[in-house]
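Asker: dropping the sequence and predicted coords here.
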Amino acid sequence: MHRVTKYTAITDIREGKKIMKLKNLKVRPKMMLKPKRRIGRKSRLVKKGRKEWRAGSISSQSEGYKAGWKDGYRDGRWIAVVGGVCKPKIAYVIPGCSISGGVAVILQHANRLKQRGYDVVLVSLDGNTQVSWHPVEVPIVTESRAPADRDIVIATFWATLGAARRIEAKKRFYFIQSDESRFYSPSSEQSKLAYQTYKTNDFTFLTMAGWLQRWLQRTFNKQAIYIPNGLDTSLMYEAEPLAPKGNKVRVLLEGPINVPYKGMSDAFAAVRDLNCEVWCVSSSGRPAASWRCDRFFESVSYETMKHIYSSCDILLKMSRVESFLYPPLEMMACGGVPVVADVTGTDEYLVNHYNSLVIPNDIRAAANAVQSLIADKSLREHLRAGGSETVKKWEWDRSIDLLEQALIRNV
């Protein structure tokens, strides 16, 4: 054997740069060093390392960390994530940045995960990367600029699954916030495509409503992990009214007027003949000229919304398609009383005659319920008290605790 001095290029993982390191290697004369075999992401060694970690044969976190890095950056990092050595890097794929309750929930997830030390990015599919209506603490990028170093990617709407598959990641989740096939005509192509996404097998399902969890199990035999929504009481609380309350009870109608299943035309019909003041907030569309409306607001921010809620006594919601119904909970936080037509999601926190009036989805029933609150101040105060107690049970911290557990235990 002859002793031959060789210089080999080694990548310093911590600093991400190449350094030259002197090594004394024993080789046979006239023989070249055999190059190291490249190991693919799904190689047997990687799978073995992951199994060894889970089985406990790798005795320490540091050993597990080293066992991962020897197989390359992507596989090494993943074994480190599985072993709890580092936190996963996460990408949420959102349909866009426009005002919506679903996007607001994702912003809460992203902001709060970042506050707990996670590297989170939002990937927007509508080309818009600016959110002006809600606090956002994480980067928002288009799909073409989505980072390639994510450990986890989370789809958040049926139309985001394709992009979620295209973004390189080790694990994929589908956060289901409604039966989105109901957003369209039953015979439409969009409705059929949305429905098919609930049959997919390459995502782990998450959901934010008990009825959705039960529906997915019953209809598709799919288990979904329940991550309840929360209420950000730093954003929603009883604030200074935009206008002092007068002698008349003030009723708020909230929802996108241009979306028929939100039932805004029925809500306006219900209050048409009542002795009250009517305010309206819409993120899309304006009231018809024949509708009675004393004050109208369009596409308002969360900062303004709490002042609108705090200006009103009653909120009327007559939507025919919902998953959770945030506005009634927000109205409770701002000192008001909701009247809500019974729809999927009302059982999450609405309790009839305790914190709200839950009614059949009928114009006459809605008019009678609102009239009963106009006439009975003591009933309004009773429901306000129940709403105040309800709000205390819907803090975001417990939801993010459950989200962390779901992400870590299912990698």
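Answerer: Ah, there it is. Numbering: from 1, shown residues only.
Asker: from now on I want contacts and neighbour counts done on CA atoms only, so please keep to that.
Answerer: Fine.
Asker: what bridges to residue 155?
Answerer: Residues in a beta bridge with residue 155, per DSSP bridges, are residue 93, residue 174.
Asker: how many neighbours does it have?
Answerer: 26 (other CA atoms under 10 Å).
Asker: what distance do you get for residue 317 to residue 84?
Answerer: 45 Å (CA to CA, to the nearest Å).
Asker: and residue 325, by the same measure?
Answerer: Taking CA to CA, one finds residue 325 at 36 Å from residue 84.
Asker: tell me which of those two has more neighbours.
Answerer: Using other CA under 10 Å as the criterion, residue 325 and residue 84 rank with residue 325 on top: 20 against 14.
Asker: per-residue confidence at the more buried one?
Answerer: If you check residue 325, the pLDDT there is 94.
Asker: just the element for the residue nearest the centre of the chain, please.
Answerer: Centroid check for the chain by CA atoms, centre = their mean gives residue 106 as the closest residue, at 3.0 Å. When elements are assigned from DSSP states H and E, residue 106 belongs to helix 101-115.
Asker: and what of residue 279?
Answerer: Assessed by DSSP H and E, residue 279 sits inside strand 277-282.
Asker: that strand pairs with which strands, and in what direction?
Answerer: With DSSP bridges as the test, strand 277-282 is paired with strand 250-254 (parallel), strand 295-298 (parallel).
Asker: what is the burial count for residue 233?
Answerer: 16.
Asker: dump the residue contacts of it.
Answerer: 333, 395 (CA atoms under 8 Å, 6 or more residues apart in numbering).
Asker: if we can go back for a sec, which of the strands paired with strand 277-282 sits most buried?
Answerer: Across the strands paired with strand 277-282, averaging neighbours per residue (mean count of other CA atoms under 10 Å) puts strand 250-254 on top, at a mean of 23.
Asker: and the protein, what are its domains?
Answerer: 2-34+42-82, 90-230+397-409, 250-392 (automatic domain parsing).
Asker: just put those in JSON lines and tack on distance to residue 239.
Answerer: Below are the domains of the chain laid out as JSON lines (distance: least, CA to CA, whole Å):
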{"stretch": "domain 2-34+42-82", "distance to residue 239": "43"}
{"stretch": "domain 90-230+397-409", "distance to residue 239": "17"}
{"stretch": "domain 250-392", "distance to residue 239": "6"}
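Asker: that older thread, in a markdown table: the strands paired with strand 277-282, plus mean pLDDT.
Answerer: As requested, these are exported to a markdown table (pLDDT from 0 to 100):
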| stretch | mean pLDDT |
| --- | --- |
| strand 250-254 | 98 |
| strand 295-298 | 97 |
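Asker: could I get the ones you listed as CSV with distance to residue 334?
Answerer: Output for the strands paired with strand 277-282, formatted as CSV (distance: least, CA to CA, whole Å):
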stretch, distance to residue 334
strand 250-254, 13
strand 295-298, 18
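Asker: so, low pLDDT: which residues of this structure?
Answerer: Applying pLDDT under 70 to the chain picks out residues 1-74.
Asker: what ranges do the helices span in it?
Answerer: 44-55, 61-69, 73-82, 101-115, 161-166, 189-196, 210-220, 264-271, 302-311, 326-333, 363-375, 377-392, 396-409 (DSSP state H).
Asker: between those, which one is nearest to residue 294?
Answerer: Across the helices of the chain, residue 294 has its closest neighbour in helix 264-271 (11.6 Å, CA to CA).
Asker: check the offset of that closest one from the chain's centre.
Answerer: From the chain centre to the centre of helix 264-271 is a distance of 30 Å (CA atoms, centre = their mean, to the nearest Å).
Asker: residues in contact with stretch 160-168?
Answerer: So stretch 160-168 is contacted by 93-95, 125, 143, 146-150, 153-155, 172, 174, 197 (CA under 8 Å, 6+ apart).
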